[in-house]
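> Here is the input, now give the coordinates:
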Amino acid sequence: MIEAKEDPKAYMARVFAARLGCGICKGRVRETPTGDPFSKGPYVGRYWCTDCWTLYWDEHPDHLADDESRKYVRREATIIKLKRGSQVLFEQGDDRVFRTAKGTIVFDFRTSKELAPNEFDSARMAVLLQALKAIESAELKEPQRVAS
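Just a heads-up that it's a prediction; the model follows:
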């Protein structure tokens, strides 16, 4: 069986379109897409990053095949929204602390299979203490005022 060779010009066009960054957030498009970039609308010649696609699917869950996909996208979109609208105060591995636009502090620590989410062994307690020190020494941005 003979494999069809891809047109090098089409491949390079996709690579350059991906290097332009996401059409929405201007973020990095991590993998070169195999399909063509948008051909119509405001994003002509551009791709979207994974995060922007996730947020789109979160707003349009009817485009997803099953409930498991919808739940996964909902969880991921929550994390993306938190990261985009927040100031990162502490980050170590998978553990992060954010200050939201409302001024609240969110602890996003990895879960442990052996411990409850709010239970800390000595290693997790050390990370928590480091996070608290980082919060104490951080230059906190003034929270945005929410119109009422």
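> ok, and for the lengthiest helix in the chain, which residues are buried?
For the chain, the longest helix by residue count, based on DSSP state H, is helix 67-84. By 16 or more other CB atoms under 10 Å, the buried positions in helix 67-84 come out as 70, 73, 76-77, 80. C-beta coordinates here come from the backbone N, C-alpha and C atoms, glycine included.
> what's the following helix or strand after it?
Moving toward the C-terminus from helix 67-84, the next helix or strand (DSSP states H and E) is strand 87-92.
> neighbouring contacts of the longest helix of the chain?
25, 51, 54-55, 57-58, 61, 64, 98, 100, 106, 108 (CB atoms under 8 Å, 6 or more residues apart in numbering).
> Pull out the CA atoms of it and give them to me as PDB.
Below are the C-alpha coordinates for helix 67-84, written out as PDB (Å, rounded to 0.1, in the frame of the first residue of the first chain):
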ATOM      1  CA  ASP A  67     -22.000  13.400  29.100                       C
ATOM      2  CA  GLU A  68     -18.500  12.300  30.000                       C
ATOM      3  CA  SER A  69     -17.000  14.700  27.500                       C
ATOM      4  CA  ARG A  70     -19.300  17.500  28.700                       C
ATOM      5  CA  LYS A  71     -18.200  17.000  32.300                       C
ATOM      6  CA  TYR A  72     -14.500  16.900  31.300                       C
ATOM      7  CA  VAL A  73     -14.800  20.100  29.300                       C
ATOM      8  CA  ARG A  74     -16.700  21.800  32.100                       C
ATOM      9  CA  ARG A  75     -13.900  20.900  34.600                       C
ATOM     10  CA  GLU A  76     -11.200  22.100  32.200                       C
ATOM     11  CA  ALA A  77     -13.000  25.300  31.300                       C
ATOM     12  CA  THR A  78     -13.300  26.200  35.000                       C
ATOM     13  CA  ILE A  79      -9.600  25.800  35.400                       C
ATOM     14  CA  ILE A  80      -8.900  27.800  32.300                       C
ATOM     15  CA  LYS A  81     -11.200  30.600  33.400                       C
ATOM     16  CA  LEU A  82      -9.600  30.700  36.800                       C
ATOM     17  CA  LYS A  83      -6.100  30.900  35.300                       C
ATOM     18  CA  ARG A  84      -7.000  33.600  32.700                       C
END
